[in-house]
Every structure is written in C-alpha cells, then in structure tokens.
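Asker: build the 3D model from these lines:
(2 chains)
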2 protein chains.
Amino acid sequence: MTASVPETSRARAALSRLFEPSDTVGLGLAAVVGPVDALRIARGDLTAGREVRTSLYELLGMDGDGRRDHLQEGLDRWAPRVPDLAPDRDLATLGRLSGRLVTPESGEWPAALDDLQSAAPLCLWVRGVHAVPPLDRLAAVVGSRDSTSYGASVTAEMASGLVLRGYSVVSGGAYGIDAQAHRAALASGDDDQPPTVAILACGVDRYYPAGNEELLRVIASRGLLISEVPPGSSPTRWRFLQRNRVIAALSGVTVVVEARWRSGALNTAHHAAGLGRPVGAVPGSVHSANSAGCHRLLRDGTAVCVTDAADVAELAGPIGSVPTGDRLREATAPVRDQDGLTIPDLLVLDALPVRSSTTVDKLAVVAGLAPREVLSGLARLELAGLAIRTSEGWLRQKG
Amino acid sequence: MTASVPETSRARAALSRLFEPSDTVGLGLAAVVGPVDALRIARGDLTAGREVRTSLYELLGMDGDGRRDHLQEGLDRWAPRVPDLAPDRDLATLGRLSGRLVTPESGEWPAALDDLQSAAPLCLWVRGVHAVPPLDRLAAVVGSRDSTSYGASVTAEMASGLVLRGYSVVSGGAYGIDAQAHRAALASGDDDQPPTVAILACGVDRYYPAGNEELLRVIASRGLLISEVPPGSSPTRWRFLQRNRVIAALSGVTVVVEARWRSGALNTAHHAAGLGRPVGAVPGSVHSANSAGCHRLLRDGTAVCVTDAADVAELAGPIGSVPTGDRLREATAPVRDQDGLTIPDLLVLDALPVRSSTTVDKLAVVAGLAPREVLSGLARLELAGLAIRTSEGWLRQKG
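Answerer: As a prediction, the model looks like this:
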C-alpha cells in the first residue's frame, strides 16, 4: 500500500518524525529545497551548500553572518532521530487505523493552515471518514482540564448549539472542557459532517489521556482525529503548546469556556488572535479561579464576551447554510411599556396617577409641559393603551 | 439667610424647578441670556426678542426657519409651573438640612459636569459636610435593584476596595446594587473624604425608596446626597434616566455590577461611554439574567471586564495619592516551573523521566535535540532545580 504514496508525502511523513513541531529551521529547509531533498539533507545523503543556507536564512530572516550555523545546529538536533526513521511503517500504522496523510500537495489540505506561514505543519495525520471541513465551519471550544460544573454545562450548551448551526466543534481531546465539548458535539451531530474534531499532541494511534480512550475512539469513527506528529509519538509539553496553534489556525473562531489565570487555553486564544481569528471567552463568577483566565482575555481585549452558541456564531460571521435564528433572543426580549415613547409622552406617563384620575392642568404642572402637549401626549398614550380617559379625567392604565 | 444668596444662584434654584432635567431649550436660554434673565423670560417679566431666539437656536443647532417656535413651546411648557416657584422656600428647606446650592459660579462646581455641555445641570442641591470630590476620585458602582447574592458580594468587595484606594463610591441610592455599594463604602471609609455619594432622582429632602431612608440619612451625614431637582421633587422615570447622566458625568469611572438585558444601569453606562469615561462591567454566570446586561456591555465594547477594585482602579487611571498595590495580584500569581525556559530547555525538561534516570544520548532522541544542546539544557535545568544528576544519568526533580 505504501508503494503508492507519493515521494513528497513519504518525505513529509519522515520529516514530521525528525522535526519537532514548529522547528523553524527544519520547516524552512523543507520550504527551500522541498521535503524530499530536505529529508536527504537531514539524513546526510545530500550536503547543503552555501546557496541553500543563503536562501534558508533569507526566508527565516535569520542572521547569516556566519557566527552561527543554524542549519548545522538543526542537523545536530535531528541526527539522533535519523536511525529511528521509518515512514513506511508509520504510514502502514496509519493505514491500519483507516487513516490518511493530508499534505499541502493534497486537495484536502486546509488552506487555513497556511496562515501559520513558516510554522505551518509539514502534514496532518488524520483518522476519520470525513474530509477536514473548511475554516468557516470549524469552531474551537477549549478550556481547562479541571472544569467546574458551570463550565461543563456552558460547554455542553455551546457545543451542541454550534453543531446545530452547522459547525464542527474543534478541541484538544483533554479532560474537562475539551472532553465535554467533544461529547456534546457528538450527541448533537447528524454525521453529515464531522460533529467534532480532536487535535492531538500525540500520535493518532494513541489515546491520551487514558480516561478519554473511549471518547477518542468514537471521535476517530464519527469525527476526526488529527495530529501533526506521527503514530507512536508521545504527548510532550512542547507538543501540547504547538498543538494549540493548529487548533487556532484550523478554526474560524476559538472560544475559551473556562481557564485559570495561566492556562494552555489562553495559549490557544493568543495563537488565534495572532492569526487574526476571532476569539470568544465565556464570562463567569469573579470568585471562580476557573474563569480568571477568561476574564483576563476579555480584559486585555484578546477575546469578545460570548454567552451562548448564537454569540459565537455571530462572532464567527456567516457560513453557507447555517440555520438562522441567532436573533431569536433579540426578538423575544421583553418590550417595556415606555419603549418608543417621545420624551413629552414619557413625562405625561410619569405624571399620570394610577388610582384616582387627574386633570390636564394638573398634569401640565406635574409633567412640566404645556397643556396642549399634555393633551396630545394623552391621546398617544390612550392609543398605546397606557392611559385611560374617565368622566373625571385621566389615569394610568395598570400594567 | 436666603437674602445672602447671589441673584444668579437664586435664579438657578428657581429654574431647576421650572425646567425638567435636560430641558434643552430651557438650559440653552439660561446659557444665552444668563439664569436671571432666563427666569424673567420664563415668568413673562421679560420678552425674548428675535436676537435671543437667533442666539438660542444657533447654540442648540436648531432649525430657526420659523416653522417651529421652540422657545414659545418652552414658555408654554414652563408656564403651568410658574405659580409654584418659590426659590427662597426651597433654599430655606435646603438650609434646614445643612445643605448648600452648588452652581457653576461657585468654586465647588465639579468641572466634570461641563462635559455634559448643553445638558449640564443648572445647579446641584447638595447635602453633606464634604466638598464634591474631583472626577478622578469618584468611581460609580451601579446595578440592578433585584440583585443576587453574587452581585451583592461583588459590590461589597469592590466598593470597599475602591474606598481603601482613595475613591468615593458614587451610586443612585436605589435598592440592590446601589444600596450595597453605599453601605460597603460607608463601612470602609475614614471620612477624610466622603466615602460615598448618592445622586438622587428626587429632592435631597426626600428619602426614596422608603426602605433606604436610614441609609440615605447616614449618607447625608457622612457622605453626600446630591440632586439637580429642588427639595420636594418626586422621582419620576424621566428624572431617573436623567439622574444617570449626572452619575456618569461626575464619576471618573463607572462600573455596572449586575444588570438585566434591559436595565437603567445600562443607561448610566452608555451615558458614561458617550462622555468618553471608562466603563467597567462585572462578568457573571451566563445563566444569570442579572448578568445579561453586563455581558451585553462587554460584548458590544461599551465596557471593559472588571473583576475587582484593582481592575477598576487600573481602568480609572492613576489618582493623586492612592495607596499602590494594584499589581499585587500580578506579583503573587503562581510561577510555574517552565517559566522563563528556552524552547530547547523545555524540550529537555519534557524528555526527562521522573522515576529512573536516563542518558544524554537517549534524551537527545526523545527531545529531538543535539547531544550538545541536551547537555547545556541539563546544566540550566540543574541550576534551576528542575533536573538531578545521578551516577546513572539524569532525571527530573519532582515538583
């Protein structure tokens, strides 16, 4: 099966094991000479000359004065992993899991990732039957692992509402908010498109954290499991941080539901903001440490306040065939009786007694209006059902 | 006593009974011909000619084409109240309450009110021993009458913290958030300056709402009670709305603690924002209707998210002699062990096992770094107390 894999894809698969995510020099090298030659250079089968270095350093905006040989440092960094390279084995593992390698050369490559520029992943290791949805159909819902019941319920409502509006919910597969977002999305999805997408910091053959194994298996079958590191890779702190940039880049909007003052979810939010993607944060109690990070994002202007899926959809902007109804809340807001009244009408309304009726002259004194204005105001208020005319004078219609 | 009142002040006192707050034509007339002649015109003792009308309409940017006689409409509006004019009686009432009339001509006039331009009050009826503090020492804390226990506790902490930072807490004397703000401020104040200022929609001789009478009496004695309408005036809906503009104009910062989707507190916030004053809103549960108005302000950009008095003080900007310590929270935020590490150091730290030790070569493979980089990283991590060197190799220092 692996014989049919294009050489470029095979090289990207290999490089994704050799380079840590966002290895600037490695990714730059692949951009300058192409993945196939980059792999040959990294393995020592090909020597990079002055021209390659010049192009590379120019691309990366690095100091090329010769005092530091960034490429040699890269080669030294990659060398210890060269003996472990086995792209065919990794692709075979992926194949056994019904997965596929998505590369910039394939039609399925999410163009949104190119916004990461020199830090764009080399490839995506993908499990799931659906194609990766476009930017405007992916909404990330992320948050802390130690979520509260408040965070869990808001996440569930939001993820469910987003799926009903035509979004796939992107998250990180972690405990807490992430798991809740995936679960609620799966519960609401009709599988025309993947209800949820998990971006992992480890290989897609691994189920981490262990307590989410069953959930991740369901996501692999009904949604999408995506990673930029090859099968077998373990989740390290560095990969978690880098994984966040992939969540941010893939998603048209990123929402943080709960986050502490320092939290990985804030890192995702800052990645998204850095890419110019809209970011939402859910408010909560000022006494909850789990909302402190969200409030921080709201305060520093990184995020916009979102309270439900309608807010998130509005923030994300329109997508193709989303069921409308976001303005439902606006339409059902209670209309108070003075709405739409002119100032003189309001003054007359204020002046009208509720129990016993009064005269136009008395109303003029109380309201501070000319009798003529009082009369015309009373006429409008009567029409609006707010004033009643009796044989003795006028009084207010009880609410 | 009233004999010593300057004629201008006496005229302003009278006009404040004749004109409803923000009566544009009335206030404009007083600006064009001065309060004394404005009163004479309003009473019919003096006739306003074409010149006065021209100046007035020019000032107000009104259509002076003769199709509408705005001044005559004003005269008709004011006429019913002329027989009730008794400025000496009103000033005597104020005097019995140890109050004073503060006018633009007096040194105590808060210059901040002039930002209201043509809608600035004619005068302030003030009770209390303190002078009205300047803009940068007044922080408004407002919110809904039907506050929750959450709103009450946040209000208390915030008002108390603001007083300790040198602010006087401004509010509207209503039930709920307002009352809580006044009470907490009174409890924390040392009376060097008024701990709290209540801006009323009725005369300062009236205690409205009745349930707050005791509180309002304490504010009159230890803080300030302020109104732009004369003694005896009742609180009407119009006056409540206009009162909000005075709160917003007097205060250097306005904070909404709890407000429903439609609430008078939002009106205050919009007045403040319209004047260019910073506005804060306290976040809360998305399930609480009492926070919906706050979230609305955050969402539409009217307000900045504030969670405590430190946030409010930061939003307000520096004032003279405020005890510093607002950065306390920043300084005491927990420092996590990877803070300040370089990326290679972080990769090495990720790769370090916790239980059994490992070699530099193995670390190089796991971390994806050159052995040389691993070595220098280990040296820094050892120095930082994050890595331990054993006879067999290296392992991570347990946290």
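Asker: ramachandran angles for residue A:253?
Answerer: Backbone dihedrals for residue A:253, given as degrees, to the nearest 10, come out at phi -150, psi 140.
Asker: if it is in a bridge, with which residues?
Answerer: residue A:139 (DSSP bridges).
Asker: got a list of what it touches?
Answerer: A:139, A:140, A:272, A:277, A:278, A:279, A:280, A:312, A:315, A:316 (Cβ atoms under 8 Å, 6 or more residues apart in numbering or on different chains). Just so you know, the C-beta spots here come from the backbone N, C-alpha and C atoms, and that holds for glycine as well.
Asker: I'd assumed residue A:271 was in contact with the second one.
Answerer: No: taking Cβ atoms under 8 Å as the contact criterion, residue A:140 and residue A:271 are not neighbours in contact, 10.1 Å apart.
Asker: more neighbours, the two?
Answerer: For residue A:140 versus residue A:271, neighbours defined as other Cβ atoms under 10 Å in any protein chain shown are more numerous around residue A:140 (34 against 22).
Asker: what kind of secondary structure is the nearest residue to residue A:341 once chain neighbours are set aside in?
Answerer: Ranked by Cβ to Cβ, 6 or more residues apart in numbering or on different chains and with sequence neighbours excluded, the top spatial neighbour of residue A:341 is residue A:349, at 6.7 Å. Following DSSP: H, G, I helix; E, B strand; the rest coil, we place residue A:349 in the helix state.
Asker: number of residues surrounding residue A:349?
Answerer: 24.
Asker: how about residue A:281, phi and psi?
Answerer: phi -130, psi 140.
Asker: that one against residue A:304, yeah?
Answerer: Yes: contact criterion Cβ under 8 Å: residue A:281 and residue A:304 qualify, at 7.4 Å.
Asker: tell me the SS of the closest residue to residue A:234 other than its chain neighbours?
Answerer: In space, and not counting its chain neighbours, residue A:234 is closest to residue A:202: 5.6 Å by Cβ to Cβ, 6+ apart. Three-state assignment for residue A:202 (three-state DSSP): coil.
Asker: before we move on, what about the one 5 residues further on?
Answerer: Secondary structure assignment for residue A:207 (three-state DSSP): coil.
Asker: secondary structure element holding residue A:39?
Answerer: helix A:35-43 (DSSP states H and E).
Asker: residue A:311 too?
Answerer: Here residue A:311 is assigned to helix A:309-316, by DSSP H and E.
Asker: okay, residue A:281 and residue A:304: which has more neighbours?
Answerer: For residue A:281 versus residue A:304, neighbours defined as other Cβ under 10 Å are more numerous around residue A:281 (31 against 21).
Asker: ok, that one to residue A:47 distance?
Answerer: 50 Å (Cβ to Cβ, to the nearest Å).
Asker: where does pLDDT dip in chain A?
Answerer: A:1-3, A:63-66, A:319-340, A:399 (pLDDT under 70).
Asker: quick one, longest helix in it?
Answerer: helix A:149-164 (DSSP state H).
Asker: that one near chain B anywhere?
Answerer: Yes: contact of helix A:149-164 with chain B (Cβ under 8 Å from any Cβ of the partner chain) involves A:150, A:153, A:154.
Asker: please identify which of those residues is nearest to residue B:189.
Answerer: residue A:150 (34.6 Å; Cβ to Cβ).
Asker: SS state for the residue lying closest to that closest one once chain neighbours are set aside?
Answerer: Distances taken as Cβ to Cβ, 6+ apart put residue A:284 closest to residue A:150, at 6.1 Å, once the chain neighbours are dropped. Using three-state DSSP, the structure places residue A:284 in coil.
Asker: correct me, but residue A:284 touches residue B:285?
Answerer: Yes: with contact defined as Cβ under 8 Å, residue A:284 and residue B:285 form a contacting pair (6.3 Å).
Asker: about what we covered before: and the residue nearest to residue A:234, what does it touch?
Answerer: So residue A:202 contacts A:208, A:227, A:229, A:233, A:234, A:235, A:239 (Cβ under 8 Å, 6+ apart).
Asker: give the buried subset of these as a PyMOL selection command.
Answerer: Selection of buried members from the contacts of residue A:202 for PyMOL, criterion 16 or more other Cβ atoms under 10 Å in any protein chain shown:
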select buried, chain A and resi 208+227+229+233+235+239
